[in-house]
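> need the 3D shape of this:
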Amino acid sequence: MVNLPTKMDVTGAVKYHYDKFPPILNTEVFLGQLLKAERTLARYDQMLRNMHNSDILLAPLRNQEAVISSRMEGTISTMDEILQYQADFNDVASITDETRSEIIETALYERALKEAQSAMEQGQPLSKF
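This next block holds a predicted model:
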């Protein structure tokens, strides 16, 4: 059981937006960088549209996202393990007892990302569920 202090010292606390919300932003400070990012994303999007198989660029990004997100949840696996798993096992029926559950969990997360991408490409709306 954690003992919390009965009275907290908040003299150094930051007062964010009391009676001043939304804040007035100086967009000139970051507008140039925002436009540069937008142009870069537009070029990337156009490059993907012109590729015969855009999965060549997207697959490594999906794998990296799956590894990093799984790591935040305490599931530890590496990109090398995921790529080796994908090369060795095409379906769940071919998994051996030596395959670590963390690798399988991360690979299934990557598969879920791919299915979500496919559903969005087919016009399915984003949903909370």
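> rest of the way, CA atoms for contacts and neighbours
OK.
> for this structure, which segments count as helices?
Assigned by DSSP state H, the helices in the chain fall at 31-50, 55-72, 79-88, 101-121.
> now the first one: how far from the chain's centre is it?
Right, the one you point to is helix 31-50. Chain-centre distance of helix 31-50: 19 Å, with CA atoms, centre = their mean, to the nearest Å.
> what's the closest non-adjacent residue to Y85?
Closest residue to Y85 in three dimensions, ignoring its sequence neighbours and counting by CA to CA, 6 or more residues apart in numbering: I103, at 7.5 Å.
> any idea how far R49 lies from L58?
12 Å (CA to CA, to the nearest Å).
> list the buried residues for stretch 64-83?
By neighbour count on 16 or more other CA atoms under 10 Å, the buried set for stretch 64-83 is 64-70, 76-79, 81-82.
> identify the farthest-apart pair in those residues.
Farthest pair in those (CA to CA) is S69 and E81. Separation: 15.4 Å.
> spatially central residue for the protein, please.
By CA atoms, centre = their mean, the chain has its centre lying nearest to E65, at 4.8 Å.
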